[in-house]
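K.L.:
3D, please:
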Amino acid sequence: MQHFKLIFSATFVAIKRDRLLHALAGASLLLFLLVPVISMFSMRQVQELAITLFLSSLSFTLLIFSILLGVFSIWKDIEKRYIISVLSMPIKRRDYLLGKFSAIALFLMFTVCLMGIIGYGTITFAAHQYQSEIPVSWPNIFTAMLMSGAKYILLAAVALLFSVISTSIFLPITGTIGIFLAGSATQGLYEYINSGSGAQDISLTGQYVIKALYYLLPNFSAFDYQVYAAYTLALPLDTIFYTVCYWLIYTSFLLFCASIIFEKKEFR
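P.N.:
Predicted coordinates for the structure are as follows:
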């Protein structure tokens, strides 16, 4: 546990000092501040557009952060051979890996909280410019933000697994992006092939492939609650519960696989 805390603290401090992340955070902050201005172009749905733009901006920021941190956190240590010095000490590889991931997960949730404070101001400002018949539901907005954070923590676990498997930087980046795009599309494809027209348009082999991908790949679309936040729809609490359970199981499985591969990996 002591070694885990050491790796966790060192990784979190390194993330906070990363200049590239500072630049990306500054660009994201500027984008968030422009949300009220952009939402003014929709005279009838300023509030709804402001919420949607804010959540989309947050999602894009977390996407960039999760890929960069998940891919480069371990790969950078391997490339610069820091990992050889670290693992030469009495530190379990599992503690090293989990310490890295926990620091990334905490930073992503810290980003969600920080941007949530900014979002509160921008959404409130936009909502007061043109009164909407739909009230602002902050519980729905915060739920959408937290589910977005969980979504990209899962993606960071995918990136971490690829960075453990490959010594090249190409596979972790392309693999993570590919899994994200595929995992975001499987839900829609699965629903399409189960419809009447979809079953006729796609061959039986294609349907089996889509179903296999739907069950094997992480379902990132299950974490999208933007519509519930923008239009104050009743939150499906049972669905949220099952999604959180799915997130815990899938993330744990990815970390378990990464730990096994990392234990057997040789560093020279």
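K.L.:
residue 83 contacts residue 77, doesn't it?
P.N.:
Yes: the criterion here is C-beta atoms under 8 Å, and residue 83 meets it with residue 77 at 4.2 Å. Using the backbone N, CA and C atoms, a C-beta is placed for each residue, glycine as well.
K.L.:
more neighbours, these two?
P.N.:
The neighbour count for residue 83 versus residue 77, taken as other C-beta atoms under 10 Å, is higher for residue 77 (21 against 18).
K.L.:
roughly how far does the more buried one sit from residue 251?
P.N.:
Using C-beta to C-beta, to the nearest Å, one gets 22 Å for the distance from residue 77 to residue 251.
K.L.:
now do residue 185
P.N.:
Look at residue 185 and residue 251: by C-beta to C-beta, they are 20 Å apart.
K.L.:
who has more neighbours out of those two?
P.N.:
Shown here are residue 185 and residue 251; by other C-beta under 10 Å, residue 251 has more neighbours (20 against 16).
K.L.:
that one contacts residue 151, correct?
P.N.:
No: in this structure, residue 251 is not within contact of residue 151 by C-beta under 8 Å, at 10.6 Å.
K.L.:
residue 218 in helix, strand or coil?
P.N.:
coil (DSSP: H, G, I helix; E, B strand; the rest coil).
K.L.:
for the closest residue to residue 176 other than its chain neighbours, list the residues it contacts.
P.N.:
Of all residues not flanking residue 176 in the chain, residue 159 sits nearest, at 4.3 Å (C-beta to C-beta, 6 or more residues apart in numbering). Residue 159 is in contact with 66-67, 69-71, 172, 176, counting by C-beta atoms under 8 Å, 6 or more residues apart in numbering.
K.L.:
check residue 229 too.
P.N.:
By C-beta under 8 Å, 6+ apart, the residues touching residue 229 are 51, 55, 137, 140-141, 143-144.
K.L.:
would you mark the buried spots in stretch 248-268?
P.N.:
250-251, 254-255, 258-259, 262 (16 or more other C-beta atoms under 10 Å).
K.L.:
returning to what we had before: could I get the contacts of residue 159 as a markdown table with pLDDT and distance to residue 163?
P.N.:
Converted to a markdown table, those look like this (pLDDT from 0 to 100; distance: C-beta to C-beta, whole Å):
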| residue | pLDDT | distance to residue 163 |
| --- | --- | --- |
| 66 | 93 | 12 |
| 67 | 92 | 11 |
| 69 | 90 | 10 |
| 70 | 89 | 7 |
| 71 | 88 | 5 |
| 172 | 88 | 4 |
| 176 | 93 | 9 |
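K.L.:
just the element for residue 123, please.
P.N.:
Using DSSP states H and E, residue 123 falls within helix 93-129.
K.L.:
toward the C-terminus, what is the element adjacent to that helix?
P.N.:
helix 138-165.
K.L.:
got the buried residues for that following helix?
P.N.:
Going by neighbour count (16+ other C-beta under 10 Å), the buried part of helix 138-165 is 140-165.
K.L.:
can you count the residues close to residue 84?
P.N.:
Neighbour count for residue 84, taken as other C-beta under 10 Å: 12.
K.L.:
three-state assignment of it?
P.N.:
helix.
K.L.:
for it, give its distance to residue 145.
P.N.:
For residue 84 relative to residue 145 (C-beta to C-beta), the value is 39 Å.
K.L.:
same question, residue 242
P.N.:
Taking C-beta to C-beta, one finds residue 242 at 19 Å from residue 145.
K.L.:
now do residue 139
P.N.:
Counting by C-beta to C-beta, the gap from residue 139 to residue 145 is 11 Å.
K.L.:
same question for residue 236.
P.N.:
Counting by C-beta to C-beta - residue 236 and residue 145 are separated by 17 Å.
K.L.:
same check on residue 4?
P.N.:
28 Å.
K.L.:
same check, this time on residue 50
P.N.:
Distance, residue 50 to residue 145, by C-beta to C-beta: 14 Å.
K.L.:
how many other residues sit next to residue 93?
P.N.:
Neighbours of residue 93 (other C-beta under 10 Å): 16.
K.L.:
then residue 244?
P.N.:
14.
K.L.:
contacting residues around it?
P.N.:
Contacts for residue 244 (C-beta under 8 Å, 6+ apart) come out as residue 150.
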